[in-house]
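Chemist: Take a look and give me a structure for this.
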Amino acid sequence: MTRHSRVTSDGTILQDLCDRLLQEFILQNCTILVKNQGLWEVVREATVRPHGVIQVSVTDGAVLLDDHVTSLMQKRMAGVLAWWSPEIRDVINGIQVIPFQEDSDREIAKAVRFVLDKDPFVNAERIHVTMEKAVVVLEGVVPSASEKEMAELDAWYVFGVEQVDNRLESRP
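Modeler: Sure thing, here's the model as predicted:
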């Protein structure tokens, strides 16, 4: 099962993603710029410091995220929000983290948990997330096969995940 199939225009994808980025609390200290018909336009100017800048463009259903943010969690969440937008073909997350932050399995697992908790299509209460050497392990019971698949997709969408071992059981 996939969340969507490709029929939406790049402009519609861009607008949907822009709305998602603006609504995400963790990105409130980020200036959001979108490339619309070849021109960059500021959608929101960050008012707090330190702040990040997220540049968003969409070409043929592929999202490009660029510039910089202040945490790995922000980079990861921007990427996940892009994947959650309707009819995405690909997401290229070129956002840099400034200042540099060391990554770890613990941080990636924390990000996967955060994403599962935010996903309106997944009830994360009964999902246990562990991680070792960039391999996410999902365990627990979910009410449907589609929710099991959505949880796995969420884990894959998180920057830094190299493999997902989906051990979730689906029981109504």
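
Chemist: in this structure, which segments are predicted with low confidence?
Modeler: Applying pLDDT under 70 to the chain flags residues 1-7.

Chemist: hey, where'd the strands end up in it?
Modeler: Under the criterion DSSP state E, the chain contains strands at 30-36, 39-44, 52-59, 62-69, 90-93, 96-97, 127-132, 135-142, 163-166, 169-170.

Chemist: Tell me how far stretch 141-156 lies from the chain's centre.
Modeler: 15 Å (CA atoms, centre = their mean, to the nearest Å).

Chemist: So which residues make contact with it?
Modeler: 1, 3, 80, 83, 112, 115-116, 119, 121-124, 126-127, 129, 136, 138, 161, 164, 166, 168-172 (CB atoms under 8 Å, 6 or more residues apart in numbering). (Each C-beta comes from the backbone N, C-alpha and C, glycine too.)

Chemist: Buried by neighbour count, from the residues you listed: which ones?
Modeler: Listed as buried from the contacts of stretch 141-156 are 80, 83, 112, 115-116, 119, 122-124, 127, 129, 136, 138, 161, 164, 168; burial here means 16 or more other CB atoms under 10 Å.

Chemist: biggest separation within those residues, which pair?
Modeler: N123 and V161 (20.7 Å; CB to CB).

Chemist: Touching, A109 and I127? I think so.
Modeler: No - the criterion here is CB atoms under 8 Å, and A109 misses it with I127 at 11.8 Å.

Chemist: what residues are shared contacts of those two?
Modeler: By CB under 8 Å, 6+ apart, no residue touches both A109 and I127.

Chemist: which non-adjacent residue is nearest W83?
Modeler: Y157 (4.2 Å; CB to CB, 6 or more residues apart in numbering).
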